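Visitor: sequence? don't have it. structure:
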């Protein structure tokens, strides 16, 4: 990790997360600090409010409780916690260069950022895998509710194991009267071992899952867009199911691409820093780091906006959630979108089941007619 003295004893250091890097002083004018504080405050408020609303829309309405949406809840929870803890507390620490929050929280804040990012991206990967099975292999057994809980628990446990080394070596020091929270790697592990650990983390929480999702959504897109609905069903349920699936794929691809764009500069910055430590010896790097960190953290606030803009049920849910504001007026249709469950399902003869399910797969995420949706084995084609 590079440390440089700039001007009036300004120390800039680097690491995977801001609070794991040792001493970091941001020497800036008061007006700059106010602008950055405002930018981070807006980020935290939008991310916490938006993701909390997404969680409420799904968990408070039976119609939204589908297998896929539980992974969306897991993603929203990770993003909410990232904004509330990582973005907020790291900015306070960076702007003052003094650790105010005690030893226990030092351990937590060196552990949680990697955990949260791992959970976020692997929740997206779980959604991609679920959609892949539903659309490309609709007759294969689907993930059950207990299986979904097990997958979510497994994601958190693996995330904990990956982040544990930084937590284990976290420590509090006092430097010239100022308390610091940093990661003190043992002497024998410095150099190549630390570099390998950080590169492994970046591969596992960024490049590998993005490659998997790229392949999965490419196959899903090819499968969906090559399908043709029979002429006599072009305005029927099969066509609506197909369009709903296409729209959902577009939504999730946008979510993944947004995540990738927000985090790529941040990871490249630290990969470069490992091989060229003198980049931290420039004063402008202070502003560059704050900008890159804000961009990375901003990934936590975009998903609720994407859901609200591209999905009518979430739009209805947001209107219901914010109905206390005078400029938000939910309609009866909004309430029906989240509470009304269609009572009629189209039963399909066994001889036609394969043909129908070729187009429907299963109930689209966000569009489920009941708590779990229906599997292909049900022999019915639920309406969206």
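Guide: Good, I have the coordinates. What you see is a predicted model, and the numbers here were worked out from it, not measured in a lab.

Visitor: I'd assumed residue 299 was in contact with residue 258.
Guide: Yes - using Cβ atoms under 8 Å, residue 258 is in contact with residue 299, at 6.4 Å. In this view, the C-beta of every residue, glycine as well, is placed from N, C-alpha and C.

Visitor: those two: which is more packed in?
Guide: When neighbours are counted by other Cβ atoms under 10 Å, residue 258 and residue 299 differ, and residue 299 comes out ahead with 24 against 16.

Visitor: which helix or which strand is home to residue 172?
Guide: strand 170-175 (DSSP states H and E).

Visitor: can you check residue 88 too?
Guide: helix 88-96.

Visitor: just checking, what packs against that helix?
Guide: helix 30-59, helix 102-136, helix 285-310 (3 or more Cβ pairs under 8 Å, 6 or more residues apart in numbering; DSSP states H and E).

Visitor: what about 6 Å?
Guide: Helices and strands touching helix 88-96, as assessed by 3 or more Cβ pairs under 6 Å, 6 or more residues apart in numbering; DSSP states H and E, are absent.

Visitor: quick one on the thing from earlier: tell me what angle the strand holding residue 172 forms with helix 102-136.
Guide: 140 degrees (axes from the mean of the first three to the mean of the last three Cα atoms, to 10 degrees).

Visitor: neighbouring strands of the next helix or strand along the chain from strand 170-175 in the sheet, and parallel or not?
Guide: Following strand 170-175 in sequence order, the next helix or strand is strand 178-183 (DSSP H and E). Strand pairing for strand 178-183, using DSSP bridges, gives strand 170-175 (antiparallel).

Visitor: give me the most central residue, the protein.
Guide: residue 120 (3.6 Å; Cα atoms, centre = their mean).

Visitor: which residue sits closest to residue 98, ignoring its sequence neighbours?
Guide: residue 178 (5.0 Å; Cβ to Cβ, 6 or more residues apart in numbering).

Visitor: how close does that neighbour get to residue 159?
Guide: Distance from residue 178 to residue 159, counting by Cβ to Cβ, to the nearest Å: 31 Å.

Visitor: please apply the same query to residue 106.
Guide: According to Cβ to Cβ, residue 106 and residue 159 sit 19 Å apart.

Visitor: and what of residue 110?
Guide: From residue 110 to residue 159 the distance is 14 Å (Cβ to Cβ).

Visitor: pLDDT below threshold where in the stretch 51-200 of the chain?
Guide: For the stretch 51-200 of the chain, applying pLDDT under 70 flags the ranges 189-191.

Visitor: mean confidence score for the lengthiest helix in the chain?
Guide: Criterion DSSP state H: the longest helix present in the chain is helix 237-275. Across helix 237-275, the average pLDDT comes to 84.

Visitor: okay, buried residues for it please.
Guide: Within helix 237-275, the residues scored as buried using 16 or more other Cβ atoms under 10 Å are 237-238, 240-242, 244-249, 251-253, 255-256, 258-260, 262-264, 266-267, 269-270, 273.

Visitor: what angle do it and helix 285-310 make?
Guide: Using the same axes, to 10 degrees, helix 237-275 lies at 170 degrees relative to helix 285-310.

Visitor: name the helices or strands packed onto helix 237-275?
Guide: Partner elements for helix 237-275 (3+ Cβ pairs under 6 Å, 6+ apart): helix 208-225, helix 285-310, helix 350-360.

Visitor: any chance of these in CSV, with distance to residue 163 and mean pLDDT too?
Guide: What follows is these, written out as CSV (distance: least, Cβ to Cβ, whole Å; pLDDT from 0 to 100):
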stretch, distance to residue 163, mean pLDDT
helix 208-225, 16, 91
helix 285-310, 16, 90
helix 350-360, 40, 38
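
Visitor: and the ones you listed, which is most packed in?
Guide: helix 285-310 (a mean of 20; mean count of other Cβ atoms under 10 Å).

Visitor: just the buried residues of stretch 124-141, please?
Guide: So stretch 124-141, judged by 16+ other Cβ under 10 Å, has buried residues 124-135, 138.

Visitor: phi, psi for residue 139 please.
Guide: phi -100, psi 0 (degrees, to the nearest 10).

Visitor: on that earlier part again, what's the farthest-apart pair in the buried residues of stretch 124-141?
Guide: Greatest spatial distance in the buried residues of stretch 124-141: 124 and 138, 21.4 Å, computed using Cβ to Cβ.

Visitor: more crowded one of residue 178 and residue 159?
Guide: Neighbours were counted for residue 178 and for residue 159 using other Cβ under 10 Å; residue 159 has more, 24 against 13.

Visitor: and residue 205, what does it touch?
Guide: 117, 118, 121 (Cβ atoms under 6 Å, 6 or more residues apart in numbering).

Visitor: can I get those residues in JSON lines with neighbour count and distance to residue 66?
Guide: Putting the contacts of residue 205 into JSON lines (neighbours: other Cβ atoms under 10 Å; distance: Cβ to Cβ, whole Å) gives the following:
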{"residue": "117", "neighbour count": "29", "distance to residue 66": "25"}
{"residue": "118", "neighbour count": "24", "distance to residue 66": "23"}
{"residue": "121", "neighbour count": "27", "distance to residue 66": "21"}
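
Visitor: could I get those as JSON lines with distance to residue 168?
Guide: Listed next are the contacts of residue 205 as JSON lines, based on distance: Cβ to Cβ, whole Å:
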{"residue": "117", "distance to residue 168": "19"}
{"residue": "118", "distance to residue 168": "17"}
{"residue": "121", "distance to residue 168": "23"}
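
Visitor: which one of those residues is nearest residue 186?
Guide: Once Cβ to Cβ is applied, the member of the contacts of residue 205 that ends up nearest residue 186 is residue 118, at 24.0 Å.
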